[in-house]
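Predicted model and sequence below, questions to follow.
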Amino acid sequence: MQERLFGVKDTFIAGAIVAFFYLLFTQELGYLTGYAEILWWLVAILWAAVLFKKGFDYYRIMNSFGLSFLVIIGFIFVFFDLALKFEGIPRAIALFLIPLMTVAVLGYIHDKITTARELRRRRKIKVPVNKRVKTTLYKLDPIMIVFIVVGFSILITFLLVPVFMMLFNSFVVPPGEPFYYNFVYIFNNPPYVKHMLLPGEASWYAVIPSGNTSIIIFKGINYGIVVNSLINSTIVTTVATFLGILVAFVLARYDFPGKTFFRVLAMVPLFITPFVNAYVVRILFGPQGPISMLTQALFGYQIEIKDLAGIAMAQIMAFYPIVYLNAFSSFISIDPSMEEQAENLGSKGAKLFFTVTLPLALPGIIAGSILVFIFSLEDLGAPIVFQYPWVMSYQIYSSFTSETGIVSPQIAALGFIMLFIAVLAFLAVRSFVSMRSYAMISRGGRWKPRVRKLGWKGLLFVYLVMLPLIIFTAMPQIGVILLAFNIIPPYGFKIQLDKATAKYFIGIFTNPTYFQYIRNTLTYAAMAVVLATIISIIIAYSVSRTKIRVITPIMDTLATIPLAIPGLVIALGYFYFFSTFFRGTPLDPTSVTTFQAWIVLVIAYTIRKLPFVVRSVYAGFQQVHEALEEASLNLGASRTKTIFRIVLPMITTYIISGIIVGFIYITTEVSTSITIGGLNPAQAPMTFIMKNIYYGGTVYGVQYVASMGVLLILFQLIAVLIITVVLKQRYAFIGV
Amino acid sequence: MTRVRLENITKVYGSVVAVDRVTLEIESGELFTLLGPSGCGKTTTLRIIAGFEVPEEGKIYFDDEDVTFLKPYKRNTAMVFQNYALWPHMTVFDNIAYGLRIRKLPPEEIRRRVKWALELVKLEGLENRYPLQLSGGQQQRVALARALVVEPRVLLLDEPLSNLDAKLRIEMREEIKKLQRKLGITTVYVTHDQLEAMSISDRIAVMNKGKVLQYGPPRQVYFRPTNLFVADFLGRSNILYGKAGKQHDGYIDVYLPDLDATLTGVPVKEITSRDVAVVIRPEIARLVEKHEAVENKLVGRIDLAMFLGDKVELRVGIGKSSLIIYMSNLYEPTLGSEITFYLPKDSLIVLPAEKPLNKE
């Protein structure tokens, strides 16, 4: 191995110099605009290229967790920096990152080329293509070919084609405009991207006198729809990740009285109660809410959190447990000897945590974080409840509610941008995580994880900081229950135990106006989960048992990618798909009176929630050693007989837990339910009516939909119990 | 009774040649062993016979029927897998009856034959247990019964004993041998354990890097290896390189510079080059008086002695080199003392000194 001349430090120096002179020239001297700036970017890139050519240790970047992550984030940042035409400091940051990213890309390409060349050199034996095909075909029994063809047809028809329909429509432009007009329009139009803030908009909080007190309102700054969504999702992801790691680490590594209680409480926010939980957050932080009462009593002013700040708050509280769960299982699956070895060599405390523990757990944690990012990006609950339309998800949603029955191309372009961000982040993180999945090798502790007693400082921290934090994040779910039983009123805040009643909860079953939505949801979920299970078996079997180059990996990716595709993109795609190919039929969403929303909803649910079922079934197939199947083939059973008599009976528990998880995620689905479902309200599911109540802004019916939230919580509770107690499996929540 | 014939079989995985132009003929009713280190292609060869893999080149015949592209479930072979591959959700009875049920035999017939198979492997009374309730040895027997009950044309055993402990392994080894004798079923046995291979087999094929280096009855392969790899892999060998001298009456003289001695041995293969190698098995050394005139007499110094129970292993320094030899366990060596021994020339093997792996 040749000696490397330059290291990461040199790229940072290069970046710093380039960025410094950029700031100097633009801010101070006013040069460097237009083409001159492009030249300056080229300088940054070329500088890095020279460093690389002279011998740069790019393995340092590939092997370092922080650096490679920085590069991935850098790409997303630079993309938006260019698209949104940032100036000043943000652009200087982009320029600062350019040299590092350049060497990383060059190193990556260089590596790919050398390995490809190496492979070609090693492959001395040339097997003719027809022989390769023949041997591949031999291993495929008829049923496997059927599986592959059916699996692909379904994924292509109901996933790829709709998404491409949306992509296609985002390039539908007014006559005489270039094909990218919609994107130019979005990136240059103040509602989407604000390059300048009006004087009144530049503050993220406001103090308003109210009677003899004053209200501090936290609201965030409106930078335009696209930027708002990005900033919000970034903040939510960062805070949720930090919180998740903190809580997970304390619970995974320390022992203290009441730990079990903490662990159970920390799971509470995982119960999905669309809209209702955000509504509770709104009450919690409303001007008359309990927090305000507290601050009024303590400091003499009230507080209110609304708009973007409210959305961020609601999302952090709802999504941080995703990171927590991933981080927790990562921490306990680290082999204790790793840390013991480090301690043995003299490392301890923060040093130990940052050099050994965190790097080993990070792949799992990041896998959770990226989902938080995507969920936050596509979340509709918080924006609708806070009635704040200036985020991407809300815009896409509201295009469905317009009376025209036409979704404008700009909305498709917005969907494109959302899809692009989500899928890019997802794929980058997935390949990044799979590259270093050391902590994932053995999920679940085969060993006794390291647990220590807490000292008094630690105990103080746990009871004074963490306990309130965990209780606080569980508030929405608790609040949902209180609302449902009328213990707190639908508006304002007070505890009114005397008015507690179960009539609303009973009402959702007896009152046909509410019950029809529950019936709809249950019917659709049952149908979708059956379909999803069949498709999952087909796909998971094909992926785990056929090893055909290109085809198998593509299928694998297609089956997991719906996780990264925002539901609104699916909704848009289905809208275009069905209104184009089924025009005039009952499946045409634009035919307002005859549209059979339920069919489209069932298909959308099936595809959207497929990854959850596939994952469970796939895990089952992986448990079945291939020799068990071969033994059956060997004794004369055909592949079909083998699948039905040997494999499927062996994985029933996995199939059942897949069905349960799929059912839960389908009943709580929001995006397509309230968009596609909204096109024929009589056939809409539960989440649609939940949205309607909060969207309308009336007080009427709040308790009823809160009761629906309670019903959903009950479903989820039963699901968790069945999976963990009866099936003795981990409740596989969410992960990449 | 089926004869299995492999003709020029080649199997390629990506850029690795797993099986390289293998030609074998397995006689009907014999126990044939594929022996070699891990990754030598023996299991792949077995899987090709079973039909789990299909070769890129070559043909497989069962008797005179070409089965190369016949699906595994139509071949009527029966395989015993390394991990037994018993279905955990079925009882012992159901596991064994599976193949019969697939063949749609009447229930009484199935019951009769499962009973026969259980008796055969001495597991009477365990029909209703589940595999996970059985010990490793019992699981092994169930796997064997499941394979035998369908009366396969060929029985395939993939390292069947590797998951058993040492004592049980010897016991099962004998049992498999007896069963195979009794039923007279053509059997292909894969193992990396040379003792297992030699004790059980009618014939052995030694494989390395996808190639069959030599095959024949155990004695022949052991005493007359045609290849340095085989000589080294089967049993222990001292391999020394030297220059060929003259040949006489089927023997050849070899000058070994390391020992500074000329030894006489049997050329197993035709010697065409002057560079040759001598294979000395440790157990052929015989003690001799220093003044006695015998062939291949060597004098050395005992550098290391290890008592192994059934024998004594000595490392004897001779010239610039050293030899490992075995003596009877009654022999009491003194470290550093001189030892004189001879190597009977009929047991000394002389091979061309090519690198062991480049056979062709």
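Right, received. Where do you want to start?

Assumed A:E629 was part of a helix.
Yes. Per DSSP: H, G, I helix; E, B strand; the rest coil, A:E629 lies within a helix segment.

could you give the mean pLDDT of stretch A:496-513?
Averaged across stretch A:496-513, pLDDT comes to 79.

now that stretch, how far from the centre of its chain.
Distance, stretch centre to chain centre, for stretch A:496-513: 34 Å (Cα atoms, centre = their mean, to the nearest Å).

can you tell me the distance between the two ends of that stretch?
27 Å (Cα to Cα, to the nearest Å).

So which bits of that stretch are buried?
Neighbour-count burial for stretch A:496-513, counted by 16 or more other Cβ atoms under 10 Å in any protein chain shown, picks out A:504-505, A:507-508. (Glycine included, C-beta is placed from N, CA and C.)

Now tabulate these in a markdown table and tack on secondary structure and distance to A:G678.
A markdown table is the format used below for the buried residues of stretch A:496-513 (DSSP: H, G, I helix; E, B strand; the rest coil; distance: Cβ to Cβ, whole Å):
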| residue | secondary structure | distance to A:G678 |
| --- | --- | --- |
| A:Y504 | helix | 24 |
| A:F505 | helix | 25 |
| A:G507 | helix | 23 |
| A:I508 | helix | 20 |
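
from those residues, which is closest to A:F77?
For these, the residue nearest A:F77 by Cβ to Cβ is A:I508; the value is 46.3 Å.

How are the strands of chain A distributed by residue range?
Counting by DSSP state E, chain A has strands at residues A:205-210, A:213-218, A:254-255, A:302-305, A:452-453.

Quickly compare those strands and say which is most buried.
strand A:302-305 (a mean of 23; mean count of other Cβ atoms under 10 Å in any protein chain shown).

other SSEs contacting it?
strand A:213-218, helix A:290-299 (3 or more Cβ pairs under 8 Å, 6 or more residues apart in numbering or on different chains; DSSP states H and E).

So which of these is nearest A:V543?
Here strand A:213-218 is closest among the helices and strands packed on strand A:302-305 (Cβ to Cβ), at 46.8 Å.

The closest one vs helix A:290-299, what angle?
Counting by axes from the mean of the first three to the mean of the last three Cα atoms, to 10 degrees, strand A:213-218 points 130 degrees away from the direction of helix A:290-299.

what mean pLDDT does strand A:213-218 have?
Strand A:213-218 comes out at a mean pLDDT of 77.

if we can go back for a sec, among the helices and strands packed on strand A:302-305, single out whichever gets nearest to chain B.
Within the helices and strands packed on strand A:302-305, the stretch nearest chain B is helix A:290-299; the backing value is 54.2 Å (Cβ to the nearest Cβ).

how about the nearest residue to A:V647, chain neighbours excluded?
A:V624 (5.6 Å; Cβ to Cβ, 6 or more residues apart in numbering or on different chains).

Enumerate every residue touching that neighbour.
Taking Cβ atoms under 8 Å, 6 or more residues apart in numbering or on different chains, we find A:V624 in contact with A:646-647, A:650-651.

Now list the buried members of those residues.
The neighbour-count test (16+ other Cβ under 10 Å) marks A:646-647, A:650-651 as buried among those.

Could you check how far A:W204 is from B:T264?
Relative to B:T264, A:W204 is positioned 98 Å away (Cβ to Cβ, to the nearest Å).

Please consider this matter closed, and thank you.
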